[in-house]
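Chemist: Quick one: sequence plus predicted model below, questions after.
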Amino acid sequence: MKHLLTISGLNAGTEDKSILHDVDLYLDANQTHVLMGPNGAGKSTLGRIIMGDPAYQVESGSIEFDGQDISEDSPEKRSLAGIFLSYQAPVEIPGVPLYSFLRTITQKRPELKASARQFRIRVNEICEQLDMDPGYLTRELNVGFSGGEKKKIEMLQLLLLQPRLAILDETDSGLDVDALSVVSRGMQAYRESCDGTLLVITHNTRILERLHVDHTHVMVHGRMVERGGSELIGRIDAEGFERYGVHEEVSAS
């Protein structure tokens, strides 16, 4: 069976430190996966390595996307292939209006190309869906936005680009209840509007309440230590990570 994403025997890290050890991960199309683990487990590192972040090096193992080895591909090539990563702290880009940025990245994807009018209508529809002020579109990308506003912008990009694989790295971090609700709706809308696969990296179980989770993965000290269904989320929520020899609470709020 061909998986959408196949990670086999992955050992990776920075020049100074090995972080991931013999990681195996298999994601199929049209599924929702959750990756949990204590702070420093290597979860965010895994997301960045899948995306091709040059700060990390693959020491051994392979990463395949839709049957193709992408271990040496640039982040741009991976993005064009349909991989999307949301960051815990989105980068501010002065001088680049959000609307222009969105228009440029969609024009790079043949399947998303549209007339100026069609694009404007689509973006405004998504803004309405996310309760997002269309005035944001004229502002510089992420400049001066609050944490919650930046997350809304990422949800806008997610729904506009409709990636085949969306990796959301602690996208709920530091959000108030209203912003958390918007992010949760965005994830739900993504899963309902296309056949994409969602990999949610999180400590916060509340953000998962509206999602049907197919598989849950647990990472500790750079190793995958358990895999299960959605019931594993409830167990970790109740017991924390003590069963894996780690004393850390899991946030449910």
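Modeler: Right, received. Where do you want to start?
Chemist: use CA for all of it now, contacts and neighbours both
Modeler: OK.
Chemist: Can you pull out the low-pLDDT segments for the stretch 51-200 of the chain?
Modeler: 174 (pLDDT under 70).
Chemist: Could I get the full set of helices for it?
Modeler: 75-81, 98-107, 116-129, 147-161, 177-193 (DSSP state H, counting those that start in this stretch).
Chemist: Would you map the strands across the stretch 151-253 of the chain?
Modeler: 165-169, 197-201, 215-220, 223-228 (DSSP state E, counting those that start in this stretch).
Chemist: Go through the first one and flag the buried ones.
Modeler: So the one you mean is strand 165-169. By neighbour count with 16 or more other CA atoms under 10 Å, strand 165-169 contains the buried residues 165-169.
Chemist: Let me have these in TSV, adding distance to residue 116 as columns.
Modeler: As requested, those are exported to TSV (distance: CA to CA, whole Å):
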residue	distance to residue 116
165	26
166	26
167	28
168	29
169	31
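Chemist: Just give me the closest of those residues to residue 184.
Modeler: residue 168 (11.3 Å; CA to CA).
Chemist: how close does the closest one sit to residue 224?
Modeler: 18 Å (CA to CA, to the nearest Å).
Chemist: neighbours around residue 67, how many?
Modeler: 12 (other CA atoms under 10 Å).
Chemist: How is the residue nearest to it when sequence neighbours are not counted assigned, secondary-structure-wise?
Modeler: Excluding the flanking residues, the one nearest residue 67 by CA to CA, 6 or more residues apart in numbering is residue 2, at 6.8 Å. Following DSSP: H, G, I helix; E, B strand; the rest coil, we place residue 2 in the coil state.
Chemist: Hmm, residue 65 and residue 2 touching each other?
Modeler: No - here residue 2 does not reach residue 65: they are 9.6 Å apart, not a contact under CA atoms under 8 Å.
Chemist: Which one's more surrounded, the two?
Modeler: Using other CA under 10 Å, the more surrounded residue of residue 2 and residue 65 is residue 65, with 22 against 12.
Chemist: Double-check residue 13 against residue 20; I have them as touching.
Modeler: Yes - with contact defined as CA under 8 Å, residue 13 counts as touching residue 20 (6.3 Å).
Chemist: Show me which of those two is the more surrounded one.
Modeler: residue 20 (25 against 21).
Chemist: Please report the distance of the residue nearest to residue 67 from residue 60.
Modeler: For residue 2 relative to residue 60 (CA to CA), the value is 21 Å.
Chemist: ok, now residue 117?
Modeler: Counting by CA to CA, the gap from residue 117 to residue 60 is 47 Å.
Chemist: follow-up on the earlier one: can you put the helices of the stretch 51-200 of the chain in CSV and add mean neighbour count?
Modeler: What follows is the helices of the stretch 51-200 of the chain, written out as CSV (neighbours: other CA atoms under 10 Å):
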stretch, mean neighbour count
helix 75-81, 16
helix 98-107, 16
helix 116-129, 14
helix 147-161, 22
helix 177-193, 18
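Chemist: To residue 237, which of those helices lies closest?
Modeler: It is, among those and with distance given as CA to CA, helix 177-193, at 18.0 Å.
Chemist: name the element residue 29 belongs to?
Modeler: Following DSSP states H and E, there is no helix or strand that holds residue 29.
Chemist: Ignore what I typed, I meant residue 23.
Modeler: Here residue 23 is assigned to strand 18-27, by DSSP H and E.
Chemist: who does the next helix or strand after that strand pair up with?
Modeler: Using DSSP H and E, the helix or strand that directly follows strand 18-27 along the chain is strand 32-36. If you go by DSSP bridges, strand 32-36 pairs up with strand 197-201 (parallel), strand 215-220 (parallel).
Chemist: Mind listing residues that contact strand 32-36?
Modeler: Applying CA atoms under 8 Å, 6 or more residues apart in numbering, the contact partners of strand 32-36 are 27, 43, 191, 197-203, 211-219.
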